[in-house]
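Novice: quick one: sequence plus predicted model below, questions after.
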Amino acid sequence: MNSATVAGAVERRTEMRWLPLIAIWALLLTAPFWLPLLGGYTALAGRVLVLGLAAMGFNMLLGFTGVMSFGHAAYFGLGAYGAGLTLKYLAASTPLAMLLGTLLGGLAGTLFGLLIVRRRGVYFAMVTVAFGQVAFYIAYSWNDLTGGYDGLRGFERAPIHLGPAVIDIANSPNAFYYFLLFAFAVAVALMAFILRSPFGRTLVAIRENERRARFLGIPIERHIWLSFSISCFFTALAGSLYALLNNFADPMALHYSLSGEIVIMTVMGGMRAFWGPLLGAAVFVVLQDYISSMTVNWMSFIGLIFVLVVLFFPRGLLGMLQRRGAA
Amino acid sequence: MLQLILFNVTNGLIIGTFYVLMALGLSLILNLSNVINFAHGNFLALGGYIAFVLTPFIGFWGALVLSPILTAILGFVIERLMIRRVYSRDPVYSLLLTFGLAFILQDVCRYIWGPNGLPLGVPDSLSQPLSQDLFFITWYRVFMIAVVVVAVASLFAFLRYSRVGVRIRAGTLDLETVAVLGVNVRMLRSFNFGLGSLLAGLSGVLAAGQIGLNPNMGDDLLMPSFIAIIVGGVGSLTGTLLGGLLIGVAAALTTIFWPAASEAVIYVIMAVVLLIRPRGLMGEEGMLT
């Protein structure tokens, strides 16, 4: 990538393009109405939002800091288990479950980040994926607490009480979808704010040229650690929403194959674009849903998606659009 | 108690030798091509299944020789067709590519040979126990360790004394200079990938004789192999060897006292190594960091 296209990409992100933004939110807000017409269901849209948020959080690290973690499923799954355990053992409160789930995953990521900030490239990826499996084995072996292989069951998302009003997210799928969308919107706004701040700009500088950033006096390790930590918090929030969505937390939400799926969603949508991971998540979730209902050999098709994206669409869907727009 | 400890130490050594074979193959590819091969466990499974197909025709001994070679050829071809295309790109692409390959290869095994376990027959002479007291050690286990020792020794001798081996080691340190000196680096990397696959195929045949075949038999070995590399130090094959044995024995000894923690202990070892000696036991500073 030459410097002209980089500058172009940065410019396109800063100048607010209202039209795509309006289109994205209009589509998301009306999803419960048009999705059933296309043969989808509302929970599918919920999955897109949840995994899209996880991938967007992950992309803070991959796309905007240029550091490759391959273990984000761990923080996603910790978020899910944190929320599930809160609902099951502590209190029937959805906000508390979200808060504790996010804290569990985010803090685990923050502590682990301290160990690895000096690593780079594939070595960083290898250490993150290996460590990610720790959470998987804990959930897998600690049968009494987590339900082991069968996953954590026996909890339900609780209705939200706003003063006298009650939002019944437990029984109304549409109410729950809008609740998810609200959480998603707040998280994404916060993410955009962070990326547009001087801190976010510094992350991009590190991505573009780490050595130059270091010579400018930027504490690289601290920035990468913070970026890793923040991205883990967002991914853990997505995980806690995932537990609410399914009323269930399973060990596969912690497994490294989910880490790989988060990465492919991000790359497929376009890791240089803010909204790329959401688009990638939408395409991936819909394809996965469709393929697994069509054939038992769905793993081959999912693997094929990985291979095709890497070999033929490395810039992702939005990356290709952006290049076409620039040309 | 002594027998229990002996039993677990032998177990640990055997599991450790599998970690070593897997991790050495991964390490070879990682060092020269900067690629983490997520499909390595699936090459192991393929090696086992190929042996399963060959055994009725050429017997266990023939399959033990031929199956790793066929696995190596397969690895060589896959490297030529796909993996070499992403060497010049961001490492994220090679990871995703081998990740997708792992999905496909596992599904292919399941499609051809079915999801259930299959046995691989070993010669009767190998399935006898050593003696009455050592009933838990069959000759097959001794044989496995012997094969691994021979394979690892041959690998190190090959890298030390052969021309290609020296080039692989040199390429690990500075690939550009090796290329400038006139070595066909593209061919070297393909060959090296094949060599890594050969080791995976060999461990596949050996493992199949002990625990039987199933489509995801390599998955449980993949993470410990990563950890063996990290603990031993990226860039050092000797380190990988030590790391694999260390975590194998540590996991087996933990089984005696606290079975549930036997998986966890290898992660604890990794955490301790990363804290105290981030480059790994034998790793050189600056390699892949």
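Specialist: Great, that's in hand. On a predicted model such as this, the values are computed, not experimentally measured, just so you know. Numbering: from 1, shown residues only, chains lettered A, B, ... in the order given.

Novice: pLDDT weak spots in chain A?
Specialist: A:1-17, A:323-327 (pLDDT under 70).

Novice: remind me, longest helix of it?
Specialist: Longest helix in chain A, counting residues (DSSP state H): helix A:220-246.

Novice: what segments of the stretch 151-300 of chain A are strands?
Specialist: Along the stretch 151-300 of chain A, counting by DSSP state E, counting those that start in this stretch, strands occupy A:160-162, A:165-167.

Novice: name the residues of the last one that are buried.
Specialist: Of the residues in strand A:165-167, those buried by neighbour count under the rule 16 or more other Cβ atoms under 10 Å in any protein chain shown are A:Ile167. For the C-beta atoms, the positions are set from N, CA and C on the backbone; glycine is no exception.

Novice: parallel or antiparallel, list what pairs with it.
Specialist: strand A:160-162 (antiparallel) (DSSP bridges).

Novice: residue of the stretch 1-150 of chain B nearest chain A, please.
Specialist: Using Cβ to the nearest Cβ, the closest approach of the stretch 1-150 of chain B to chain A is made by B:Gly100 at 2.5 Å.

Novice: does that residue count as helix, strand or coil?
Specialist: helix (DSSP: H, G, I helix; E, B strand; the rest coil).

Novice: what sits against the residue lying closest to it once chain neighbours are set aside?
Specialist: With sequence-adjacent residues excluded and distances taken as Cβ to Cβ, 6 or more residues apart in numbering or on different chains, B:Gly100 is closest to A:Phe306, at 2.5 Å. By Cβ atoms under 8 Å, 6 or more residues apart in numbering or on different chains, the contact list for A:Phe306 reads A:Gly260, A:Ile264, B:Leu96, B:Leu97, B:Phe99, B:Gly100, B:Leu101, B:Phe103.

Novice: farthest pair within those?
Specialist: For the contacts of A:Phe306, the maximum inter-member distance is 12.8 Å, found between A:Ile264 and B:Leu101 (Cβ to Cβ).

Novice: right, and A:Tyr307 touches B:Phe99 too?
Specialist: Slight slip there: residue A:307 is Val, not Tyr. No: using Cβ atoms under 8 Å as the test, A:Val307 is too far from B:Phe99 to be in contact (9.3 Å).

Novice: more neighbours: which of these two?
Specialist: Remark: of A:Val307 and B:Phe99, B:Phe99 carries more neighbours, 27 against 18, as counted by other Cβ atoms under 10 Å in any protein chain shown.

Novice: does the more buried one touch A:Gly260 like I think?
Specialist: Yes: using Cβ under 8 Å, B:Phe99 is in contact with A:Gly260, at 4.4 Å.

Novice: joint contacts of those two?
Specialist: Joint contacts of B:Phe99 and A:Gly260 (Cβ under 8 Å, 6+ apart) are A:Phe306, B:Phe38.

Novice: and the helices in the stretch 51-200 of chain B?
Specialist: With DSSP state H, counting those that start in this stretch, the ranges of helices along the stretch 51-200 of chain B come out as B:91-113, B:124-127, B:139-161, B:163-173, B:175-180, B:185-211.

Novice: between these, which gets the lowest average pLDDT?
Specialist: Lowest mean pLDDT within the helices of the stretch 51-200 of chain B: helix B:124-127, a mean of 75.

Novice: what packs against that helix?
Specialist: If contacts are counted by 3 or more Cβ pairs under 8 Å, 6 or more residues apart in numbering or on different chains; DSSP states H and E, helix B:124-127 sits against helix B:139-161.

Novice: next, the angle from the helix it packs on to helix B:185-211.
Specialist: 170 degrees (axes from the mean of the first three to the mean of the last three Cα atoms, to 10 degrees).

Novice: what's helix B:139-161 in contact with?
Specialist: By Cβ under 8 Å, 6+ apart, the list of residues contacting helix B:139-161 reads B:10, B:13-14, B:17, B:20-21, B:24, B:64, B:122, B:125-130, B:164-166, B:168-169, B:195, B:199, B:202-203, B:206, B:209-210, B:237, B:241.

Novice: could you identify the buried members of those?
Specialist: When those are checked for burial by 16+ other Cβ under 10 Å, the buried set is B:10, B:13-14, B:17, B:20-21, B:24, B:64, B:122, B:165, B:168, B:195, B:199, B:202-203, B:206, B:209, B:237, B:241.

Novice: re earlier: okay if I get the strands of the stretch 151-300 of chain A as a markdown table plus distance to A:Arg207?
Specialist: Shown next, in a markdown table, are the strands of the stretch 151-300 of chain A (distance: least, Cβ to Cβ, whole Å):
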| stretch | distance to A:Arg207 |
| --- | --- |
| strand A:160-162 | 38 |
| strand A:165-167 | 40 |
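
Novice: looking at the ones you listed, which is nearest to A:His255?
Specialist: Nearest of the strands of the stretch 151-300 of chain A (Cβ to Cβ): strand A:160-162, 30.7 Å.

Novice: could I get the contacting residues of residue 195?
Specialist: I went with chain A, as the question did not name one. A:Met60, A:Phe64, A:Leu203, A:Phe274.

Novice: try again with chain B
Specialist: Counting by Cβ under 8 Å, 6+ apart, B:Leu195 has contacts B:Gly25, B:Leu28, B:Ala72, B:Leu155, B:Ile168.

Novice: and the first one, what pLDDT?
Specialist: It refers to B:Gly25. pLDDT recorded at B:Gly25 is 93.

Novice: cool, the second one as well?
Specialist: In the predicted model, B:Leu28 carries a pLDDT score of 92.

Novice: please work out which of the helices of the stretch 51-200 of chain B is packed deepest.
Specialist: Burial of the helices of the stretch 51-200 of chain B is given as mean neighbour count (mean count of other Cβ atoms under 10 Å in any protein chain shown); helix B:185-211 ranks first at a mean of 25.

Novice: just the CA trace of the next helix or strand after that helix, in PDB.
Specialist: Once the chain leaves helix B:185-211, the next helix or strand it forms, by DSSP states H and E, is helix B:219-232. Extracted in PDB, the C-alpha atoms of helix B:219-232 (Å, rounded to 0.1, in the frame of the first residue of the first chain):
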ATOM      1  CA  ASP B 219      -6.400 -31.000  17.200                       C
ATOM      2  CA  ASP B 220      -5.500 -31.800  20.700                       C
ATOM      3  CA  LEU B 221      -1.800 -31.800  19.800                       C
ATOM      4  CA  LEU B 222      -1.800 -28.500  18.100                       C
ATOM      5  CA  MET B 223      -2.000 -26.100  21.100                       C
ATOM      6  CA  PRO B 224       0.600 -28.000  23.100                       C
ATOM      7  CA  SER B 225       2.900 -27.900  20.100                       C
ATOM      8  CA  PHE B 226       2.500 -24.100  19.900                       C
ATOM      9  CA  ILE B 227       3.400 -24.000  23.600                       C
ATOM     10  CA  ALA B 228       6.400 -26.200  23.100                       C
ATOM     11  CA  ILE B 229       7.700 -23.700  20.500                       C
ATOM     12  CA  ILE B 230       7.000 -20.700  22.800                       C
ATOM     13  CA  VAL B 231       8.600 -22.400  25.800                       C
ATOM     14  CA  GLY B 232      11.600 -23.600  23.900                       C
END
